[in-house]
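# Starting from these lines, generate the structure:
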Amino acid sequence: MKTKQILGLDLGQTAFKMVLLEHRDSRMVLVQARLLEIPAQAEHEVRQAALKSLLEGVDLAHVGQVASVVDDPFACLHAVSVPPMPEQERADAVKWELQRFLAMPPEEMAVDCKLLGPDESGEIKKQRLLAVALPAVTIRGHLAFLAQAGVRPTHLIPKTEALNAWLGPASQGTAAVLEVGGSGCEFIVLEKGEPIFARKIPGGSVMTTKEMTGLLMTEQGQVSLTEGEAETVKRSIGIPRGDAAGLGMRGVSGMQIFSLIRGGLERLAVETERSLAFYAESGGQSSVGEVILVGGGAHLKGLAEWLQGRLGIRVTQAKVFENVQMAPGALQGAVVSAELSMAAALGAALGAGRGMNLLPPELQASLRASIQKAALKGVVTGVVLGAALLWVGLRVYQHSITEQIAALELEQKAVAFQVPALRAAAAAQDRWKAEPDWLGVFRDLTHQVPAEIYLTEWVVDGREVMLRGRVKQGRAADEVLARFTQTLEQGALTEVALRSSRKTERPETQAEFEIGGRLR
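Below is the predicted model of the structure:
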């Protein structure tokens, strides 16, 4: 009996992941999983070769569904409320609602949504939707990249939806997933099995590795770990306890390792605390009881225990393949030691056809038409019997191949016509990404200004920032300003310094100040 296969892909910045599931006796079985690491800043040709190597031996012609994870630094997930309306009009309404969170014109967005239920907060009857949006140019670029490797996806699944599909029934309460990736982190809160809040966190495991290669003084003189040695220390030693002098890495002690990575760990803890606070302020239904760690950076030994001590809530390291039935030999090679990296790829395969799909509507319609046409041909073939069927079938097959060739030629011409526009859109996207996330900066600043201070002026010159304000009567001004500069240094600014401070004649304030810094 012919089996049905589902391919899940997660093409990250530092690793490509693939999961192949198969329907066997009404159950989903994991038959193959692969991971291929690539350089963080790899060229397009290198990434193409990596994707082809990842899929080597996979018969794409016999794969029923291909679900690929899509993500972008500007991706956003929000619950919105709109009046009941036709599906096509609803998509446009959702785009206008999401403009408040994604600073981008509606025509440049790719969106999908699903119904959460009726919104009974107002007098007008509305529907409450969970919506996700990405820049449309990201979707087009992802499709073009897959097409060059001969992959035609049936589903483009947002990272939040993929992680939700992986977590499955375990997320019936309120839990958070923290994916520590190579170039950044994703914080997602799930309420009753739905990803209701998401936030990007800067950093990632690549930055931690680079921090561990800093120059150190030992009994052997000045030494620095290589990136390979740093990765070994991350997995075998992790966050050292005590001095841990016996690391065996050229005389480097545990205390020295911790001094290198402490800054990155503190930033991760602070940003996770802010994410929990933002979720609560955005109307979270209940408090988060657990944070589940996934992603390549979550392999840092001791990270769960360290974060749990900082956050004061339970933090656990996920077991990605715990609830999946596996065929013999399904997990081999790098996947065995990098299980935490596979959550999104597995979720994409498990969630194919059940959740959001950012595949452009015209491609979804074309896909449905192809399936209907194939089914119709199957019925006709079953009715016509006899010796002439072989000859007729060959003629039909020849005609079908001819139609496919003609369609591919037209598709090639269409793609070639769009190449200049895609390149221009990609260049515009690069320029857009270079701009700071002003909304995030202002939002973070509101949480950083203490009660003893109020700001009077905010001056920006490129990435240079100048804050002017006054210190209220009460605690000593020097102490208040020292704590404020330290807080700013842990947030969106770096190189923070107190430029000037002087006493005032005002009865309600004791000092005026200027603090300078630079956006990260």
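# If we ignore the residues flanking it in sequence, what's nearest residue 207?
Leaving out its chain neighbours, the residue that sits closest to residue 207 by C-beta to C-beta, 6 or more residues apart in numbering is residue 264, at 6.0 Å. Backbone N, C-alpha and C define where each C-beta goes, glycine included.
# meant to ask about residue 38
residue 50 (4.9 Å).
# do the same with residue 52
Counting by C-beta to C-beta, 6+ apart, residue 149 is the residue found nearest to residue 52 once chain neighbours are left out, at 5.4 Å.
# about what we covered before: what about the residue nearest to residue 207, how many residues nearby?
Using other C-beta atoms under 10 Å, residue 264 has 20 neighbouring residues.
# Just list the residues touching it, thanks.
Residues near residue 264 by C-beta atoms under 8 Å, 6 or more residues apart in numbering: 203, 207-208, 211.
# For residue 443, which residues are in contact?
Shown in contact with residue 443 (C-beta under 8 Å, 6+ apart): residue 278.
# can you give me the helices for the chain?
Applying DSSP state H to the chain gives helices spanning 44-54, 87-98, 136-148, 159-167, 205-212, 227-236, 254-281, 303-311, 334-337, 343-351, 361-383, 388-434, 438-448, 477-489.
# about what we covered before: ok, and the most crowded of the contacts of residue 264?
Each of the contacts of residue 264 was scored for neighbours by other C-beta under 10 Å, and residue 208 scores highest at 23 neighbours.
# Just the pLDDT at the residue nearest to it when sequence neighbours are not counted, thanks.
Leaving aside its sequence neighbours, residue 208 sits nearest to residue 264 (C-beta to C-beta, 6+ apart; 5.1 Å). On the pLDDT scale, residue 264 is placed at 85.
# Kindly report the same for the one 3 residues further on.
Note for residue 267: predicted pLDDT of 89.
# got a list of what residue 450 touches?
480, 483-484, 487.
# what do you get for residue 445?
Residue 445 sits in contact with 491-492, where contact means C-beta under 8 Å, 6+ apart.
# now the one 10 residues further on
By C-beta under 8 Å, 6+ apart, the residues touching residue 455 are 449, 467-469.
# Same question for residue 205.
14, 180-182, 234, 295-297, 299-300.
# any idea how far it is from residue 294?
In this view, residue 205 and residue 294 are 12 Å apart by C-beta to C-beta, to the nearest Å.
# Need the overlap of contacts for those two.
Listed as contacting both residue 205 and residue 294 by C-beta under 8 Å, 6+ apart are residue 180.
# Put the alpha carbons of stretch 80-96 into PDB.
Provided in PDB are the C-alpha atoms of stretch 80-96 (Å, rounded to 0.1, in the frame of the first residue of the first chain):
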ATOM      1  CA  VAL A  80      -7.200  41.300  16.500                       C
ATOM      2  CA  SER A  81     -11.000  41.900  16.400                       C
ATOM      3  CA  VAL A  82     -12.900  42.600  13.200                       C
ATOM      4  CA  PRO A  83     -16.600  42.500  12.200                       C
ATOM      5  CA  PRO A  84     -17.900  39.400  10.500                       C
ATOM      6  CA  MET A  85     -17.100  39.600   6.800                       C
ATOM      7  CA  PRO A  86     -16.100  37.500   3.700                       C
ATOM      8  CA  GLU A  87     -12.800  35.800   3.900                       C
ATOM      9  CA  GLN A  88     -11.100  38.000   1.200                       C
ATOM     10  CA  GLU A  89     -12.300  41.200   2.900                       C
ATOM     11  CA  ARG A  90     -11.200  39.900   6.300                       C
ATOM     12  CA  ALA A  91      -7.600  39.500   5.100                       C
ATOM     13  CA  ASP A  92      -7.500  43.200   4.100                       C
ATOM     14  CA  ALA A  93      -9.100  44.200   7.400                       C
ATOM     15  CA  VAL A  94      -6.600  42.200   9.400                       C
ATOM     16  CA  LYS A  95      -3.700  43.900   7.500                       C
ATOM     17  CA  TRP A  96      -5.000  47.400   8.500                       C
END
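# List the contacts of that stretch.
97-98, 106, 109, 111, 113, 119, 121, 124-129, 131, 133.
# Filter the contacts of residue 450 down to the buried ones.
Among those, those classed as buried by 16 or more other C-beta atoms under 10 Å are 480, 484, 487.
# any chance of the residues you listed in CSV, with distance to residue 82 and pLDDT too?
Below are those laid out as CSV (distance: C-beta to C-beta, whole Å; pLDDT from 0 to 100):
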residue, distance to residue 82, pLDDT
480, 46, 87
484, 42, 87
487, 39, 84
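# Nearest to residue 186 among those?
For these, the closest approach to residue 186 (C-beta to C-beta) belongs to residue 487, at 24.6 Å.
# and the closest one, what is it in contact with?
448, 450.
# same question, residue 106
The contact partners of residue 106, taken as C-beta under 8 Å, 6+ apart, are 92, 95-96, 99.
# on that earlier part again, go through the contacts of residue 205 and give me the one with the most neighbours.
For the contacts of residue 205, the largest neighbour count, defined by other C-beta under 10 Å, is 29 neighbours, found at residue 297.
# That one is in contact with residue 201, isn't it?
No. Using C-beta atoms under 8 Å, residue 297 is not in contact with residue 201, being 10.8 Å away.
# what sits in contact with each of those two?
In contact with both residue 297 and residue 201: residue 185, using C-beta under 8 Å, 6+ apart.
# Can you report how many residues lie near the closest residue to residue 215 other than its chain neighbours?
Using C-beta to C-beta, 6+ apart and skipping residues adjacent in sequence, the residue nearest residue 215 is residue 224, 5.0 Å away. Per other C-beta under 10 Å, the neighbour tally for residue 224 reads 14.
# which residues sit in contact with residue 224?
By C-beta under 8 Å, 6+ apart, the contact set of residue 224 is 213-216.
# And for residue 215?
Neighbour list for residue 215: 222-224 [criterion: C-beta under 8 Å, 6+ apart].
# and if you look at residue 357?
Residue 357 makes contacts with 112, 155-157, 364, as judged by C-beta under 8 Å, 6+ apart.
# Which ones among those map onto strands?
Those of the contacts of residue 357 mapping onto strands are 112, 155-157, per DSSP state E.
# re earlier: save the contacts of residue 357 as CSV, and put in distance to residue 36 and pLDDT too.
Formatted as CSV, these follow (distance: C-beta to C-beta, whole Å; pLDDT from 0 to 100):
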residue, distance to residue 36, pLDDT
112, 29, 90
155, 21, 93
156, 21, 94
157, 20, 92
364, 29, 75
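# Please pick the buried ones from the residues you listed.
Neighbour-count burial (16+ other C-beta under 10 Å) applied to those gives 112, 155-157.
# can you redo the residues you listed as JSON lines with distance to residue 519?
Output for those, formatted as JSON lines (distance: C-beta to C-beta, whole Å):
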{"residue": "112", "distance to residue 519": "32"}
{"residue": "155", "distance to residue 519": "37"}
{"residue": "156", "distance to residue 519": "32"}
{"residue": "157", "distance to residue 519": "32"}
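# what two of the residues you listed have the greatest distance between them?
Distance extremes for these: the farthest pair is 112 and 155 at 10.5 Å, using C-beta to C-beta.
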